[in-house]
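S.K.: Dropping a prediction and its sequence here:
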Amino acid sequence: MIQWLTATDHKRIGIMYMVSTFFFFVVAGLLALVIRTQLAAPNLDIVSSHTYSQVFTLHGTAMVFLFVAPFGLGLANYLVPLQIGAPDMAFPRLNATSLWLFIFGGLTVLSGAVVAGGAAASGWSSYAPLSEIRISAGAGQDLWIIGILMVSIASILTAVNLMTTVFLLRAPGMTMWRMPIFTWEIVATSLLILMAFPPLASVLAMLLIDRHLGGHFFDPSQGGNVVLYQHLWWFFGHPEVYIMILPYFGIVTEVVAVFSRKPVFGYVELVLAAFAIAGLSMGVWAHHMFTTGAVNDAFFSATSFLIAIPTGVKFFNWIGTMWKGSIELTTPMLFALGFMLNFLIGGITGVMLASPPIDFDAHNSYFLVAHFHYVLGGGSLFAIFAGLFFWFPKVFGVQLSERLGKWFFWLFFLGFNLTFFPMHIMGLEGMPRRVVTYPNIEHLALLNGLATAGAFVIALAVVLFGFIVLLAFRKRVPVPNDPWGGYTLEWATSSPPPEFNFHSLPNISSERPVFDARQAAARAAEGLA
Amino acid sequence: MPLFHPASVQARLLSGDWTIFLVASLGVAVVMYALIILPAIVWRRRPDSGLPPQFNKNQRWSIVYIGVPFLLVAGLFVPSELRQKQVDAIASSPSVVVNVTGFRWSWRFEYPQSGVTVVGTPRTVPTLVLPLDETTQINLTSVDVDHSFWVPAFLFKRDALPGYDNHFDLTPTRIGEFRGVCSQFCGIDHAYMLFRVRVVPVATFARWSASKGRATL
């Protein structure tokens, strides 16, 4: 226990990071079930409006800040040093600082639920003036601000650590252009964190100053400006979307290549696309603000459309990687394919929402809710499970059941689409987001009923996942170092890897050193025969 | 679904944009779904599969898969932008002006020309009366937090922001009663911050205005 609490080893920190994000995922998921129960039928009154506001605020906050974004950093913590052949992160103690700052930041946000007045209740984006003290007086909002500040500082420190590690600790032969795509995606992600999180910390500090030190940043009666809050929030918020997706593009790329038994189709293009997406994502923020009437719609619409191009490059390279391959439909591969199918829908509706005339109707409706759940749930979350099934044997030295894993995939895929596809139509039928209930008009009763049923199918799938993990630790079937026929350096060491990762490294002369070593061994064996 | 029954001149434009994008999206989705699913079936690993050919990128393809999406989004941008300009255009001499104010948790509709004022509460939903086929200019603001004025039948919403005025035109083309909602979360009674839009013939509207809003519609 003490060993874990005081750990500075990147693998232990990575595991604790991922396990704690999963704790927050379960909390956020249970909150989602409360939301779906309240919305199961029109005009229900299962939870009060005040409780409901806290529930969706914490659901969104936990999913975004405490699960999808930090899980990528936790996985990067574990994998990046292994993938580049390094013994640890560049700053191991700073790494531990990030981890504990993150955990206590998350708990600080959640602790609002037990103080007088309840948790923060102004949405995950906490727009001012709604979040100002004259309207949201409770301590829950302050705990939310302070908790998110801690999480944002943790993320900045982790980004610095990861960048330094990648630039300075690569093994001999591991040039930048031989790094695994996952590691490249983490470089792009870290860059985005360094650009996006300081503005987040600023807007949170400004809100705190308004609330407690007599500031008027967002108070129009004193010369403040409410649109400014939205600008600062989304200047962070849109890059954040890509912070929550780039690492997962990396997972999907690795998984697709290994289970197609081919090199990635366009390595350089995938890397350049990641940086193109990162760059463009800094210039699209006001597409979240078309309906304010206070931004240049044409500019932000154009830049948002352009992001479709590098994202398309990603898709075509995954397809090119599968083309004429030898595709094995393992659980990780199924999840990677599920990622592509779901994320495609989220991407398409993203292009639609980038058209201001469509946004005028769809913004802040359930169409938007469907859109971002297809991106973050159908996309990122599916990639997270692809990664978990792929690297679990490496991390813990035991295999997750493939048979049950496939059941889990189909259950989850079905539940996900059943929950979120109907939401597109709810939006078109005029249902705004963040409402505690809705009238029995058009097909809202049927559509919401389907979504609620789907949510419980997802819950069942997640319970099955928990069972699969428990079963793996009960059975303890040992796995070889490289159960999948992997390409990258983490497969060259034992499962789990020893302290400081490697006893010896293979020769690194391409982006697939372990594949090269395997081929060389096979040729040598043939020669002997 | 409102999308197929747009109830204003502006909504027809917006519905046209939806149609273009829905058709294009469906096309892209079908092609991409096929490209993602087919390889997983056609080149599925069999017990006797050896190592497949280890080829990678082909420069010609990258020109295609960058070029085609570029043309597609450029082709979508133009009609989208033209429609946005038309929808946001404001008539220089609107027939009716309504000052709309959002507050927690209802709406105030003020007709400066006739002196009529309608104020709602979360339990008594206010009605915004508009004349048919005439252009009404809405001046929109808020007195407390961010709200948003959304009439699904008009396929249109605009935010009501404290300290900031928004202006837009509505030209209803169908007689009837339409649902209006607040679509920016604003606190406990956000879901009940509703209003009605009642579109009536010009003569009825004139009578209603002359009676200071007391005449039955």
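M.R.: Received the coordinates, thanks.

S.K.: what about the host helix or strand of A:Tyr374 and chain B, any contact?
M.R.: Here A:Tyr374 sits within helix A:366-375, counting by DSSP states H and E. No. For helix A:366-375, no contact with chain B is found by Cβ under 8 Å from any Cβ of the partner chain; the gap never falls below 9.6 Å. Where C-beta positions appear, they are placed from N, C-alpha and C, glycine not excepted.

S.K.: Check which residues of that helix are buried.
M.R.: Neighbour-count burial for helix A:366-375, counted by 16 or more other Cβ atoms under 10 Å in any protein chain shown, picks out A:Tyr366, A:Phe367, A:Leu368, A:Val369, A:Ala370, A:His371, A:Phe372, A:His373, A:Tyr374, A:Val375.

S.K.: Check stretch B:133-152 too.
M.R.: B:134-138, B:140-142, B:144-152.

S.K.: Output that stretch as CSV, restricted to C-alpha atoms.
M.R.: C-alpha atoms of stretch B:133-152 as CSV (Å, rounded to 0.1, in the frame of the first residue of the first chain):
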residue,chain,number,x,y,z
ASP,B,133,-46.7,37.2,-43.8
GLU,B,134,-45.4,40.4,-42.2
THR,B,135,-41.9,41.0,-41.1
THR,B,136,-41.5,41.4,-37.3
GLN,B,137,-38.2,42.6,-35.9
ILE,B,138,-37.3,41.1,-32.5
ASN,B,139,-35.0,43.0,-30.2
LEU,B,140,-33.7,40.5,-27.7
THR,B,141,-32.0,40.8,-24.4
SER,B,142,-31.9,39.5,-20.8
VAL,B,143,-31.9,41.0,-17.4
ASP,B,144,-30.1,38.4,-15.4
VAL,B,145,-28.4,35.4,-16.9
ASP,B,146,-27.9,33.9,-20.4
HIS,B,147,-31.2,32.6,-22.0
SER,B,148,-32.0,31.6,-25.5
PHE,B,149,-35.1,32.2,-27.5
TRP,B,150,-36.0,29.1,-29.6
VAL,B,151,-39.1,28.4,-31.7
PRO,B,152,-38.6,24.9,-33.2
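
S.K.: Quick one: mean pLDDT for it?
M.R.: Stretch B:133-152 carries an average pLDDT of 98.

S.K.: Tell me how many other residues crowd the residue of the stretch 101-250 of chain A found nearest chain B.
M.R.: Residue nearest to chain B within the stretch 101-250 of chain A (Cβ to the nearest Cβ): A:Pro220, separated by 2.4 Å. Residues lying near A:Pro220 (other Cβ atoms under 10 Å in any protein chain shown) number 18.

S.K.: one step back: most widely separated two among the buried residues of helix A:366-375?
M.R.: A:Tyr366 and A:Val375 (14.9 Å; Cβ to Cβ).

S.K.: my read: the residue of the stretch 101-250 of chain A closest to chain B touches B:Asp146, true?
M.R.: No. Here A:Pro220 does not reach B:Asp146: they are 11.0 Å apart, not a contact under Cβ atoms under 8 Å.

S.K.: which residues touch residue 82?
M.R.: Here I'm looking at chain A. Contacts for A:Leu82 (Cβ atoms under 8 Å, 6 or more residues apart in numbering or on different chains) come out as A:Leu489, A:Glu490, A:Thr493, A:Pro497, A:Asn501.

S.K.: Not quite, go with chain B.
M.R.: With contact set as Cβ under 8 Å, 6+ apart, B:Leu82 has no partners.

S.K.: could you dump the contacts of A:Leu82 to TSV with pLDDT and distance to chain B?
M.R.: What follows is the contacts of A:Leu82, written out as TSV (pLDDT from 0 to 100; distance: Cβ to the nearest Cβ, whole Å):
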residue	pLDDT	distance to chain B
A:Leu489	97	19
A:Glu490	97	21
A:Thr493	97	24
A:Pro497	97	27
A:Asn501	96	28
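
S.K.: And these, which is closest to B:Gly176?
M.R.: Using Cβ to Cβ, these come closest to B:Gly176 at A:Glu490, 63.8 Å.

S.K.: what number of residues lie near that closest one?
M.R.: The number of residues near A:Glu490, taken as other Cβ under 10 Å, comes to 28.
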